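S.K.: Sharing a model that was predicted from the sequence below.
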Amino acid sequence: DTAVSQTPKYLVTQMGNDKSIKCEQNLGHDTMYWYKQDSKKFLKIMFSYNNKELIINETVPNRFSPKSPDKAHLNLHINSLELGDSAVYFCASSQVVSGVTDTQYFGPGTRLTVL
Amino acid sequence: RKEVEQDPGPFNVPEGATVAFNCTYSNSASQSFFWYRQDCRKEPKLLMSVYSSGNEDGRFTAQLNRASQYISLLIRDSKLSDSATYLCVVNPQTGGFKTIFGAGTRLFVKA
């Protein structure tokens, strides 16, 4: 069974469109994340959710809106897509034990291309 | 100064070589440290956690120096399959859910 899954794997869309990426984990973790990896391969955290609550929002434009319907799911909705949004988006999950983040498990990534 | 900095690479080494990567971090209160590996067009995967006492897993050895705020990864007897990008990862604060990834060091192992 896939531990962290994301859909879709590829997403090609026009500027100005709205799109969503879904993420699910079956590891029983309390914490989930969204990362963006740009063309320079730099992996940067966007959001972190713990028990469905937003914990971290790393100065991401408000066109990006995460939603966590339950602990196992963290979706990402993007409004009014821009060229600069083209990147690979990774979902991840982990346990946080005594305030310390344990191993993060990543989904396979969603490669978003904005034309 | 960046929160996590790594050797820029790329490192090009022959099979069987020993190669070492260093990573420095800026927050002295950082709590946990990891090395992840990322293959081309794949997701990052944990290679090993880094403990204060240092730890070894087969050909891989990780060490942490809190006083100097750096961690290292040593790969002995390099294999072709070790070719990948190695990411240094630091969790900078207690009670935080923030994780900082280094920019990665690219390793090419050649026959």
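M.R.: Nice, thanks for sending it over.
S.K.: Contacts for stretch B:65-74 next, please.
M.R.: B:18-26, B:28, B:30, B:33, B:35, B:47-48, B:50, B:52, B:60-64, B:86, B:88, B:90 (C-beta atoms under 8 Å, 6 or more residues apart in numbering or on different chains). C-beta: built from backbone N, CA, C; applies to glycine.
S.K.: chain center to the helix or strand of chain B with the lowest mean pLDDT, what's the gap?
M.R.: Among the helical and strand segments of chain B, the one scoring lowest on mean pLDDT, DSSP states H and E is strand B:100-101, with a mean of 90. Taking C-alpha atoms, centre = their mean, to the nearest Å, one finds strand B:100-101 lying 11 Å from the centre of the chain it belongs to.
S.K.: Parallel or antiparallel, which strands does it pair with?
M.R.: Paired with strand B:100-101 in the same sheet, following DSSP bridges, are strand B:84-91 (antiparallel).
S.K.: Beta-bridge partners for residue 91, please?
M.R.: Let's take chain A. The bridge-partner assignment for A:Cys91, based on DSSP bridges, gives A:Trp34.
S.K.: Actually, chain B is the one I wanted.
M.R.: Note on B:Asn91: beta-bridge partners B:Ser32, judged by DSSP bridges.
S.K.: try the one 10 residues further on
M.R.: For B:Phe101, the beta-bridge partners are B:Val89 (DSSP bridges).
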